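Undergrad: Build the 3D model from these lines:
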Amino acid sequence: MVHDFHETSILLFAYGTLQDKAVQMANFGRELTGRPDAMTGYVQHWVAITDPEVLKTSGKAQHPIVYASYDPKDEVQGTVFEISQKELHAADNYEVADYKRVSVLLKSGVHAWVYIKA
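TA: Sure thing, here's the model as predicted:
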């Protein structure tokens, strides 16, 4: 069996609603499997969501949002998922303008995409 690793080699770190099975089904059409990890040097706060589609999908008016604190003692827990390029675009479309996608080095030593405060 030949696997197309190009299609599933993208790592996405989620610390908020993208860990939610209903949000995953709505955006990716499947439940993602992931493993626990953490981002160091970041702190988590909350952002009010006004986008009706995102509100409908997540069921939450407040979503967590992280930004760099540059303090190695700060840590945000979450999950690393393997996704395809198409699913990464779906995640981009799901996230509201308060967020931007950046690559970070996680505690486990892998690089992953994550959405942080824009």
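Undergrad: List the contacts of residue 31.
TA: The neighbours of residue 31, taking CB atoms under 8 Å, 6 or more residues apart in numbering as the test, are 21, 24, 25. Any C-beta I mention is one placed from the backbone N, CA and C, and that applies to glycine too.
Undergrad: so how far is residue 72 from it?
TA: Distance of residue 31 to residue 72, computed by CB to CB, to the nearest Å: 33 Å.
Undergrad: Regarding the chain, what is its longest helix?
TA: helix 85-94 (DSSP state H).
Undergrad: between the contacts of residue 31, which is closest to residue 86?
TA: Nearest to residue 86 among these: residue 24, at 13.8 Å, using CB to CB.
Undergrad: Going along the chain, name the strands of the chain.
TA: Taking DSSP state E as the test, the strands found in the chain are 10-14, 34-40, 42-48, 62-68, 75-83, 99-105, 111-117.
Undergrad: Tell me which of those strands is the most buried.
TA: Most buried of the strands of the chain by mean neighbour count (mean count of other CB atoms under 10 Å) is strand 10-14; its value is a mean of 21.
Undergrad: Any chance you could list what contacts that strand?
TA: With contact meaning CB under 8 Å, 6+ apart, strand 10-14 is reached by 18, 34, 37, 39, 78-85, 87-88, 91, 104, 106, 110-114.
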